[in-house]
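Student: output the structure for:
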Amino acid sequence: MDVIQRIAEELSVNSKQVSAAVALLDEGATVPFISRYRKEMTGGLDDTQLRQLEERLGYLRELNERRKTILDSIRSQDKLTPELEKAISEADTKTLLEDLYLPYKPKRRTKAQIAREAGLEPLADAILNDRSLIPEHIAACYIDIDKGVPDTAAALDGARQIIMERISEDAELLAELRERVWQKGTLHASVVTGKEQAAEKFKDYFDYQEAINKIPSHRALALFRGRNEDLLSLTLKPGAEDKEEHVLCAQFVARHLDIKDTSENQAVYSH
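Tutor: Next up is the predicted model:
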C-alpha cells in the first residue's frame, strides 16, 4: 500500500503536501509546530488535517509491516496462492488482515487439529460437499480405535470440530457477522455473585445493558476494568432479541455454506 497516496486521497489533498508533512514528522517536528511554522512546506495543511495525517500514518505503516510479516509467514508454509496474496495486499484494515491470516496462523493444538491427525478431514469434506449423505453411515468408515476414533459419534464430533474451525476462520463470513453484531449487538454486565461490596465502585453496572455501538469509550473502559478485576461479568449478545438473533445468525452461516433448511438435510447439518 502506498501510504502517502492513501493519506492524500483520504484528506483530499495532493501527495506532495502529505510527503512534506511526513518528512517533518519523521524529523521529530510536532503537529502544532508544523501547523504554525511550516505552512509553506505543507501547502497550508491545518492542525486538524495534520493530526489526522499523523494518526493515519502510524496506522498504515503498522498495517504494512504486519502485512509483510503475514505474507512471509504464509509464503514459508508454501500456502500463498496468487488470490490470497492479492487479498492480503489489498486489505485496508488490521481486522481484515488478521481475518485473512487466521487459517494460516500458527496455533495451539486444537480439537480440529487432533481430528485432522486422526484422519477425519475427508469426512468433514464429504459432509460439506455431498448433502445427500447420511453422516452416520459414512462416519462408520472412519472408526479407528488406534487413532482415538472408537465409534461413529467420535468420528462425527471430529468432523464437526473441523467444520466449526473452518467457519470461524472464514474472513468474508467473519466480516459480515462482525458488522451484523456491531449493528444489532448488546453488551450485558452484571456483578459477580458474592462480590457486591468489593465492586461498589462499579455499582452502575451491576445490572446493565446497552447497544455496543452506543457505548462511549469511557464507559467501555470502566466495564473492561470491572471484568479484569473479576468484579463484573460481561456478555455480548448478538441482538436485543437474543434467541431470535442467534437463529438469524445461524441462518446467515447456513446460507454462506449453501445449506438448505429442509427436513431432509436437517440430520446432516445437525452434525
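
Student: quick one: the helices in the stretch 151-271 of the chain?
Tutor: Assigned by DSSP state H, counting those that start in this stretch, the stretch 151-271 of the chain shows helices spanning 152-168, 171-184, 217-228, 242-256, 263-269.

Student: for Ile88, which of those helices is the nearest?
Tutor: Smallest distance to Ile88 across the helices of the stretch 151-271 of the chain (C-beta to C-beta): 10.0 Å, for helix 171-184. In this view, the C-beta of every residue, glycine as well, is placed from N, C-alpha and C.

Student: give me whichever of the helices of the stretch 151-271 of the chain is most buried.
Tutor: Most buried of the helices of the stretch 151-271 of the chain, by mean neighbour count (mean count of other C-beta atoms under 10 Å): helix 152-168, with a mean of 19.

Student: buried sites along the helix or strand encompassing Thr95?
Tutor: Thr95 is part of helix 94-101 when elements are defined by DSSP states H and E. The neighbour-count check on helix 94-101 (16 or more other C-beta atoms under 10 Å) flags Leu96, Leu97, Asp99, Leu100, Tyr101 as buried.

Student: ok, back up a step: lowest average pLDDT across the helices of the stretch 151-271 of the chain?
Tutor: Sorting the helices of the stretch 151-271 of the chain by mean pLDDT places helix 263-269 lowest, at a mean of 41.

Student: where does pLDDT dip in the chain?
Tutor: 261-271 (pLDDT under 70).

Student: where exactly do the strands run in it?
Tutor: Counting by DSSP state E, the segments of the chain that form strands are 186-191, 207-211, 232-237.

Student: what residues of the lengthiest helix in the chain count as buried?
Tutor: If you go by DSSP state H, the chain has its longest helix at helix 47-76. By 16+ other C-beta under 10 Å, the buried positions in helix 47-76 come out as 49-50, 53-54, 56-57, 60, 63, 66-67, 70-71, 74.

Student: could you redo those residues as a markdown table and give each row distance to Pro150?
Tutor: Below are these laid out as a markdown table (distance: C-beta to C-beta, whole Å):
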| residue | distance to Pro150 |
| --- | --- |
| Gln49 | 66 |
| Leu50 | 66 |
| Leu53 | 62 |
| Glu54 | 60 |
| Arg56 | 56 |
| Leu57 | 58 |
| Leu60 | 53 |
| Leu63 | 47 |
| Arg66 | 43 |
| Arg67 | 45 |
| Ile70 | 39 |
| Leu71 | 42 |
| Ile74 | 36 |
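
Student: quick one, which of the strands of the chain is packed in tightest?
Tutor: Mean neighbours per residue, mean count of other C-beta under 10 Å, is largest over the strands of the chain for strand 186-191, with a mean of 19.

Student: how far off helix 217-228 does that one point, in degrees?
Tutor: Put simply, strand 186-191 runs at 50 degrees to helix 217-228, going by axes from the mean of the first three to the mean of the last three C-alpha atoms, to 10 degrees.

Student: so which elements touch strand 186-191?
Tutor: Other helices and strands packing on strand 186-191, by 3 or more C-beta pairs under 8 Å, 6 or more residues apart in numbering; DSSP states H and E, are strand 207-211, helix 217-228, strand 232-237.

Student: so what touches stretch 173-180?
Tutor: Residues from elsewhere that reach stretch 173-180, judged by C-beta atoms under 8 Å, 6 or more residues apart in numbering: Thr95, Leu96, Asp99, Leu102, Ile167, Ser168, Pro238, Cys249, Phe252, Val253, His256.

Student: which of those lies closest to Glu210?
Tutor: Nearest to Glu210 out of these is Pro238 (C-beta to C-beta; 14.6 Å).

Student: pretty sure that closest one is touching Cys249, no?
Tutor: Yes - using C-beta atoms under 8 Å, Pro238 makes contact with Cys249 at a distance of 5.4 Å.

Student: name the residues contacting each of these two.
Tutor: With C-beta under 8 Å, 6+ apart, Pro238 and Cys249 have common neighbours Arg180, Val181.

Student: any idea how far Lys184 is from Cys249?
Tutor: Cys249 sits 9 Å away from Lys184, going by C-beta to C-beta, to the nearest Å.

Student: which neighbours do those two share?
Tutor: Pro238.
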